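Peer 1: from the sequence below, what's the structure:
(2 chains)
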Amino acid sequence: MSLDRRSFLGLGAAALAGVAITPGLRLIELVQARSPEEAASALRRWGLLIDTARCTDCEVCVTACHTENGITGHGRPATDAQWIRKVTLSDKRTGHAQTLPLMCQHCEHPPCVDVCPTGASFKRADGIVLVDKHTCIGCRYCVMACPYGARSFIHETVTGQKPDVPRGKGTVESCTLCVHRIDRDGQPACVEACTTDGGKAMVFGDLNDGAGELHQRLRREPAIQLRADLALNTGVRYQGL
Amino acid sequence: MPSGASGATVILLILAGLAAIAAVPHARGAPPVIRIEKPGQCVEPAALMRRDHMKLILHQRDQTMLRGIRTSKHSLKNCIDCHASPKTNSVLGKEGFCESCHAYAAVQMDCFECHSPSPRAAARVEGAAR
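Peer 2: Okay, here's the model as predicted:
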């Protein structure tokens, strides 16, 4: 079938009108929920926004993290694993105090990955920084390199692990952003707990997703990265500090 | 000669010992207990699984850890969900599916230094319902 110029233009106009009257139609779909066969994509960059003004004195995020990831201590705070902790900042002059949760900041340029001699410390395509405990030799260089003190070394034999969260003696670990939940389209346990039982201070989302709440808030409102001077481009951002 | 006589005695003793060992059944130790808790087809033919299960698990391990691919077919969690004993709720233990065979073959497995030997809660509920 051949088209003359007039009918071709007519068809084109009709197609354009079709697009105009169906504004919900997208020619290129946004990133969809991932199926289990699909690898993590660099189109996404997972991140968190923590509003310290809403962060209350509670510890529900810490408790939720420990429950979700099966983290049990031995009552020795100096050596027990710590994936997320509450930090209190107070101004010495005025006494103004703020509290905030601190965990792995999931940097774009993570120092822990730079220093790892075996490649065990790595950044996944979607920006989540993890430790592959199969190759971790427990040298703890990453513990020293992390400016946020986010990593813990496991000194003692671990029992009663969660099936989704293997943990063992002689390796380093830190916040995984609940990667096992993210891979099933969930959100981190701390965020879920803060939203239901806490001060609704945490937002989880894709930093690249322009339509998402995280991206929208970061576009509208001021937020900072901790130790922004190190230019690590962290995935976790804070407000109200 | 005294030394020749003692040498011959030693050889005789060794031969007697070997004969005694040959006479005892299962001289290599008790055979493994292979109890299939959920009968049916495994994810691959049994012969392939017996020989190559570690290759499959290792491949899947890297896919999941590094790339976030969480298909269950060759995952360790899937093995455990299906093969854990309902009695002990584990693949370990004297009669556990993994441990009994590995103890027999004298191959150490490090998986359960970190990984849970028990099935996921959902799998456990499903197993109880059967």
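
Peer 1: mind jotting down where the helices sit in chain A?
Peer 2: With DSSP state H, the ranges of helices along chain A come out as A:5-21, A:60-69, A:111-115, A:141-145, A:179-182, A:189-197, A:213-220.

Peer 1: dump those to TSV, plus mean pLDDT and mean neighbour count.
Peer 2: (Glycine included, C-beta is placed from N, CA and C.) Formatted as TSV, the helices of chain A follow (pLDDT from 0 to 100; neighbours: other Cβ atoms under 10 Å in any protein chain shown):
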stretch	mean pLDDT	mean neighbour count
helix A:5-21	64	10
helix A:60-69	97	20
helix A:111-115	98	18
helix A:141-145	97	18
helix A:179-182	96	20
helix A:189-197	96	20
helix A:213-220	96	15
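
Peer 1: what does chain B put close to chain A?
Peer 2: For chain B, the residues in contact with chain A (Cβ under 8 Å from any Cβ of the partner chain) are B:61, B:63, B:65-72, B:77, B:80, B:113-116, B:118-120.

Peer 1: out of the residues you listed, which are buried?
Peer 2: Listed as buried from the residues of chain B next to chain A are B:61, B:63, B:65-66, B:68-70, B:77, B:80, B:113-116, B:118-120; burial here means 16 or more other Cβ atoms under 10 Å in any protein chain shown.

Peer 1: tell me who's in contact with residue A:114.
Peer 2: Contacts for residue A:114 (Cβ atoms under 8 Å, 6 or more residues apart in numbering or on different chains) come out as residue A:145.

Peer 1: in helices only, show me the buried ones among the residues of chain B next to chain A.
Peer 2: Using DSSP H, these in helices are B:61, B:63, B:65-66, B:77, B:80, B:113-114.

Peer 1: how about stretch A:146-159: buried residues?
Peer 2: So stretch A:146-159, judged by 16+ other Cβ under 10 Å, has buried residues A:146, A:148, A:150-154, A:158.

Peer 1: quick one: mean pLDDT for it?
Peer 2: Stretch A:146-159 shows a mean pLDDT of 96.

Peer 1: just how off-centre is it within its chain?
Peer 2: 18 Å (Cα atoms, centre = their mean, to the nearest Å).

Peer 1: and the pLDDT for the residue nearest to residue A:132 when sequence neighbours are not counted?
Peer 2: In this structure, residue A:132 finds its nearest non-sequential neighbour in residue A:120, 4.7 Å apart by Cβ to Cβ, 6 or more residues apart in numbering or on different chains. Confidence at residue A:120, expressed as pLDDT, is 97.

Peer 1: again with residue A:79
Peer 2: What the model reports as pLDDT for residue A:79 is 92.

Peer 1: same question, residue B:128
Peer 2: pLDDT, residue B:128: 48.

Peer 1: which one of the buried residues of stretch A:146-159 sits closest to chain B?
Peer 2: residue A:158 (7.2 Å; Cβ to the nearest Cβ).

Peer 1: could you measure from residue A:101 over to residue A:238?
Peer 2: Look at residue A:101 and residue A:238: by Cβ to Cβ, to the nearest Å, they are 10 Å apart.

Peer 1: between those two, what contacts are shared?
Peer 2: Contacts common to residue A:101 and residue A:238, judged by Cβ under 8 Å, 6+ apart, are residue A:50.

Peer 1: tabulate the helices of chain A (CSV), appending distance to residue B:90.
Peer 2: Listed next are these as CSV, based on distance: least, Cβ to Cβ, whole Å:
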stretch, distance to residue B:90
helix A:5-21, 59
helix A:60-69, 20
helix A:111-115, 34
helix A:141-145, 32
helix A:179-182, 21
helix A:189-197, 25
helix A:213-220, 41
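
Peer 1: closest one to residue B:101 among those?
Peer 2: helix A:179-182 (28.3 Å; Cβ to Cβ).

Peer 1: what's near enough to touch residue A:96?
Peer 2: residue A:90.

Peer 1: tell me which element the spatially most central residue of chain B is part of?
Peer 2: Residue closest to the average C-alpha location in chain B (Cα atoms, centre = their mean): residue B:101, at 2.7 Å. Secondary structure from DSSP states H and E places residue B:101 in helix B:97-105.

Peer 1: hey, C-alpha coordinates of that helix in PDB?
Peer 2: Output of helix B:97-105 as PDB, limited to C-alpha atoms (Å, rounded to 0.1, in the frame of the first residue of the first chain):
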ATOM      1  CA  PHE B  97      19.300 -34.400  54.200                       C
ATOM      2  CA  CYS B  98      22.500 -32.400  53.700                       C
ATOM      3  CA  GLU B  99      24.500 -33.400  56.700                       C
ATOM      4  CA  SER B 100      24.100 -37.200  56.700                       C
ATOM      5  CA  CYS B 101      25.400 -37.400  53.100                       C
ATOM      6  CA  HIS B 102      28.200 -34.900  53.600                       C
ATOM      7  CA  ALA B 103      29.300 -36.700  56.800                       C
ATOM      8  CA  TYR B 104      29.400 -40.000  54.800                       C
ATOM      9  CA  ALA B 105      31.400 -38.500  51.900                       C
END
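
Peer 1: now the residue nearest to the spatial centre of chain A. Nearest residue, chain neighbours left out?
Peer 2: Residue closest to the average C-alpha location in chain A (Cα atoms, centre = their mean): residue A:47, at 4.0 Å. Of all residues not flanking residue A:47 in the chain, residue A:235 sits nearest, at 3.9 Å (Cβ to Cβ, 6+ apart).

Peer 1: let me know the pLDDT of that neighbour.
Peer 2: 97.
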